[in-house]
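Novice: Show me the folded form of this:
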Amino acid sequence: GFVNGFIDDIRIYNRALSEAEVAELYELEKPISPLEKGLVAYYPFNGNANDESGNGNDGEVNGATLTADRNGETGKAYDFDGEDDFIQANHIDAYTASDYSISLWFNSKQSDNPEFLISKGRHNYEVHLVSPSSGNTGIRFLPRFGVGHWDSPDGSYSFDTWHQLIAIFNPSGDKIHLFI
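Specialist: Just a heads-up that it's a prediction; the model follows:
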């Protein structure tokens, strides 16, 4: 019988492909991961603050120094002094979208001030640790200026420990999520 469905991207070779070539062909043709859809910035900190999403949202390092990441790999994370170190990137399109998500890993040392993990100006697209000097280990998410803020409960993270944080702003679905 005939195909009742779809066919896409046929290749015919005049030779037998090696196993390595089959793997390469799969990598070339594999479907886009759902996690790549909508990705506008990705900073794996591979020795720099370059955006590896392909969108050119490279960061400029100001004072922070390379260090080991959560897996112990040298030069794959940045160490910030809590005073004036930061990484600055130009405007990122996700901030103009109605829905957006932020995913990051952090490891906080005890500090005297709230610690901004990510921010686009004060009280705008901001995730910060709430008053760590007071012993409160909650996280505040301010998704957009004038929208308000959401706090995780005290005790949401520990000092000197790596934690993954995912913040989701989904006003079209009436949802705000903060996962730690």
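
Novice: tell me the phi and psi of the spatially most central residue of the chain?
Specialist: Using C-alpha atoms, centre = their mean, the residue of the chain that lies closest to the mean C-alpha position is residue 103, 3.6 Å off. Taking degrees, to the nearest 10, you get phi -130, psi 130 for the backbone angles of residue 103.

Novice: Adjust the sequence numbering to begin at 123 for everything that follows.
Specialist: Sure, I'll start numbering at 123, so the last one becomes residue 225.

Novice: Return the set of residues that bridge with it.
Specialist: Residue 225 forms beta bridges with residue 288, as assigned by DSSP bridges.

Novice: And the residue lying closest to residue 221 once chain neighbours are set aside, how far from residue 301?
Specialist: The shortest distance from residue 221 to any residue that is not its chain neighbour, by C-beta to C-beta, 6 or more residues apart in numbering, is 4.8 Å, and that residue is residue 292. Placement of C-beta: from N, CA and C, glycine included. Residue 292 sits 13 Å away from residue 301, going by C-beta to C-beta, to the nearest Å.

Novice: just residue 242 next, same as before
Specialist: From residue 242 across to residue 301, the span is 21 Å (C-beta to C-beta).

Novice: neighbour count winner among those two?
Specialist: Between residue 242 and residue 301, counting by other C-beta atoms under 10 Å, residue 242 is the more crowded of the two (16 against 12).

Novice: number of nearby residues for the residue nearest to residue 221?
Specialist: When neighbours are counted by other C-beta under 10 Å, residue 292 registers 14.

Novice: got a list of what it touches?
Specialist: Residue 292 makes contact with 221, 298-299, according to C-beta atoms under 8 Å, 6 or more residues apart in numbering.

Novice: Buried among those? Make that a ChimeraX selection.
Specialist: Buried residues within the contacts of residue 292, by 16 or more other C-beta atoms under 10 Å, are selected in ChimeraX with:
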select :298
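
Novice: so can I have JSON lines of the contacts of residue 292 showing pLDDT?
Specialist: Compiled in JSON lines, those are given as follows (pLDDT from 0 to 100):
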{"residue": "221", "pLDDT": "80"}
{"residue": "298", "pLDDT": "76"}
{"residue": "299", "pLDDT": "76"}
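
Novice: can you give me the helices in this protein?
Specialist: Defined through DSSP state H, the helices belonging to the chain, from first to last, are 141-151.

Novice: Now do the strands in it.
Specialist: Counting by DSSP state E, the chain has these strands, from start to end: 181-184, 187-189, 199-201, 208-211, 222-228, 237-240, 248-252, 260-264, 272-273, 285-292, 297-301.

Novice: The last one pairs with which strands, parallel or anti?
Specialist: When pairs are called by DSSP bridges, strand 297-301 turns out to pair with strand 285-292 (antiparallel).

Novice: in the partner strand, what's buried?
Specialist: Under 16+ other C-beta under 10 Å, the buried positions of strand 285-292 are 285, 287, 289-291.
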